[in-house]
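Enquirer: sequence first, then the predicted structure, then my questions.
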Amino acid sequence: AILLLLLAWIIATVVKKAVQKGLKAAGFGKLLTKWGVSNSQEQADKTIDSLAQVLYFLVWLLFLPGILGMLGLDAVARPISNMFDTALNFLPNLFAAIVIIAIGVIVARFVKNLVYNLALTLDVDKWVSKLTSSKTDIDATPSASQKSTMAKVLGNIVYIIILIPIVTIALETLNIDSISRPIVGVLNQVLAAIPNIIVAVILLAVGIAIAKFVGELLTDLLSSSGINNLTRYVKNSGNMNFDLAKIIGQIVAVVIGVFFLVEALNVLNLKVLNTIGQAIIAYLPLVLSALIILGIGVVGGTALGGLIKKSTGNKFAGEILKYILIVLSVFMALDQLQFATSIVNLAFILILGALSVAFAIAFGIGGRDFAKSQLAKLDRKMDKENNSSNDQGPTL
């Protein structure tokens, strides 16, 4: 046992020193810094020393069962020997999994760089910006980082798609069912959903392109038809200035985009997303009607407020009428959206009642003398008419 202890100490010390000096002489610290494992050369040297220390204790563990056996402590040595046997039997699987992942990472990086450079060559970001940006944004020159954004996204997506089956194979190689089975199941589900995800993305991209094209076409057609002349009175009577043709075109584009979004969610074949898509389609008419009500209220309030201000010369009365109609349209839009209907109705009744009470109090206190004089005039007029009818007498 003493000889084994001495031999274990000598071998462990030799292995520790050899690893420390060999890795440092081979420049392994620079590789650790290059790979991002350590931030400086000093930290890399500490990492090498820690690795050598681990190997030092592993050598001691290898000799420990023999030492304990020589001392007659088989009951203590047997579990350690079984642990080493299990670990040694697992090493080939671990080595194979590491080799598979290393090869997969190399292949995935190669394909990622290939897709990235191909996307840069085809200038994918330019085509994507044409589909998603307005005319003014397209004319602006993008920066260097903006030019490679979509190329990086495509490269990373391809990188992940390639790594998923490789990681699955590596986990199955380990033969640890308790760990690998749930992870492999999740990765297989993700891998099976990738075709549907690609179809959904393509469908959504086509939908955005169609929505933008139809929206711009409708905007140009409405502008050429002179529909913006309908808003001339509102522009002249109030401070509002808007492009009616552009608003209608954008609303139509958003509606078309929503339909394609819902269809893309249905392609994924997920019950939760299908339910969300059906809810969006069912709620869309309420949103459109609420927007129409709100638009009519804002435009009508501005127009009538400007008319009252011009005809009477009273700016305050015009503003009061304008904001009354806007508030009324807001409450009607909230009610149409079925957004806390009872609370909205109660708030509207309370506001209307408060305004009525405030008007009554203000008129009762501030207009008391005016009302008294008007009632006195009416009383005198009625007395005068009665007296004149009595003086004339009966007529035959």
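Expert: Cool, the structure landed.
Enquirer: CA only for contacts and neighbour counts going forward, please
Expert: OK.
Enquirer: skipping its backbone neighbours, what lies nearest residue 60 in space?
Expert: Residue nearest to residue 60 in three dimensions, not counting chain neighbours: residue 8, with 5.9 Å by Cα to Cα, 6 or more residues apart in numbering.
Enquirer: how is this protein divided into domains?
Expert: When the chain is parsed with automatic domain parsing, its domains come out as 1-72, 194-269, 271-364.
Enquirer: figure out which of the ones you listed is closest to residue 89.
Expert: Nearest to residue 89, of all those, is domain 1-72, at 14.8 Å by Cα to Cα.
Enquirer: for the closest one, what is the average pLDDT?
Expert: Mean pLDDT, domain 1-72: 82.
Enquirer: same check on stretch 98-117?
Expert: Stretch 98-117 carries an average pLDDT of 88.
Enquirer: name the helix or strand for the residue nearest to residue 80 when sequence neighbours are not counted, please.
Expert: For residue 80, ignoring the flanking residues on the chain, the nearest one in space by Cα to Cα, 6+ apart is residue 65 at 6.4 Å. Here residue 65, judged by DSSP states H and E, is contained in helix 41-70.
Enquirer: from the contact counts, what lies against that helix?
Expert: helix 2-25, helix 28-35, helix 74-122 (3 or more Cα pairs under 8 Å, 6 or more residues apart in numbering; DSSP states H and E).
Enquirer: how about it: buried residues?
Expert: 44-45, 47-49, 52-53, 55-56, 59-61, 63-68 (16 or more other Cα atoms under 10 Å).
Enquirer: backbone dihedrals for residue 73, please?
Expert: phi -100, psi 60 (degrees, to the nearest 10).
Enquirer: relative to residue 7, how far out is it?
Expert: Distance from residue 73 to residue 7, counting by Cα to Cα, to the nearest Å: 19 Å.
Enquirer: picking up where we left off before, which of the domains of the chain sits closest to residue 90?
Expert: In terms of Cα to Cα, the element of the domains of the chain nearest to residue 90 is domain 1-72, at 16.0 Å.
Enquirer: which residues does the residue nearest to residue 80 contact?
Expert: Going by Cα atoms under 8 Å, 6 or more residues apart in numbering, residue 65 touches 77-78, 80-81.
Enquirer: with adjacent residues omitted, what lies nearest to the residue nearest to the spatial centre of the chain?
Expert: For the chain, residue 261 is the residue whose C-alpha lies nearest the centre (Cα atoms, centre = their mean; 14.1 Å). Spatial nearest neighbour of residue 261, excluding adjacent residues (Cα to Cα, 6+ apart): residue 204 at 5.9 Å.
Enquirer: what's the neighbour count on residue 259?
Expert: 18 (other Cα atoms under 10 Å).
Enquirer: tell me which element it is part of?
Expert: helix 244-267.
Enquirer: can you name every helix or strand that whichever strand or helix holds residue 305 contacts?
Expert: Secondary structure assignment for residue 305, by DSSP H and E: helix 271-312. If you count contacts as 3+ Cα pairs under 8 Å, 6+ apart, helix 271-312 packs onto helix 232-237, helix 244-267, helix 315-336.
Enquirer: with adjacent residues omitted, what lies nearest to residue 162?
Expert: Of all residues not flanking residue 162 in the chain, residue 108 sits nearest, at 5.8 Å (Cα to Cα, 6+ apart).
Enquirer: related to what we said a few turns ago, what's whichever strand or helix holds the residue nearest to residue 261 packed up against?
Expert: In this assignment (DSSP H and E), residue 204 forms part of helix 177-225. With contacts taken as 3+ Cα pairs under 8 Å, 6+ apart, helix 177-225 sits against helix 124-132, helix 149-174, helix 244-267.
Enquirer: rerun that using 6 Å as the cut-off
Expert: The contact analysis (3 or more Cα pairs under 6 Å, 6 or more residues apart in numbering; DSSP states H and E) places helix 177-225 against helix 244-267.
Enquirer: now do the buried residues in the helix it packs on.
Expert: By 16+ other Cα under 10 Å, the buried positions in helix 244-267 come out as 244-246, 248-250, 252-267.
Enquirer: what sits up against that helix?
Expert: Residues from elsewhere that reach helix 244-267 (Cα atoms under 6 Å, 6 or more residues apart in numbering): 200, 204, 207-208, 211-212, 215, 218-219, 222-223, 228, 273-274, 277.
Enquirer: 7 Å instead?
Expert: Outside helix 244-267, the residues that touch it by Cα atoms under 7 Å, 6 or more residues apart in numbering are 196, 200, 203-204, 207-208, 211-212, 214-216, 218-219, 222-223, 227-228, 273-274, 277.
Enquirer: now that helix against helix 271-312, angle please.
Expert: 170 degrees (axes from the mean of the first three to the mean of the last three Cα atoms, to 10 degrees).
Enquirer: and helix 244-267, how far from the chain's centre?
Expert: Between the centre of helix 244-267 and the centre of its chain there are 18 Å (Cα atoms, centre = their mean, to the nearest Å).
Enquirer: then stretch 351-358?
Expert: Per Cα atoms, centre = their mean, the centroid offset for stretch 351-358 relative to its chain is 42 Å.
Enquirer: find the residue closest to residue 175 in space, skipping its chain neighbours.
Expert: Nearest to residue 175 is residue 93, by Cα to Cα, 6+ apart, at 7.7 Å.
Enquirer: what's the neighbour count on that neighbour?
Expert: For residue 93, the neighbour count with other Cα under 10 Å is 18.
Enquirer: what does residue 274 give?
Expert: 18.
Enquirer: where in the stretch 151-300 of the chain is pLDDT low?
Expert: Scanning the stretch 151-300 of the chain for pLDDT under 70 picks out the ranges 230-242.
Enquirer: list phi and psi for residue 71.
Expert: Here is the backbone geometry of residue 71 (degrees, to the nearest 10): phi -90, psi 0.
Enquirer: which ones are touching it?
Expert: Neighbour list for residue 71: residue 1 [criterion: Cα under 7 Å, 6+ apart].
Enquirer: got it, and residue 32?
Expert: Per Cα under 7 Å, 6+ apart, neighbours of residue 32: 38, 44.
Enquirer: separation between it and residue 274?
Expert: For residue 32, the distance to residue 274 - Cα to Cα - is 48 Å.
Enquirer: next one: residue 109
Expert: Distance of residue 109 to residue 274, computed by Cα to Cα: 35 Å.
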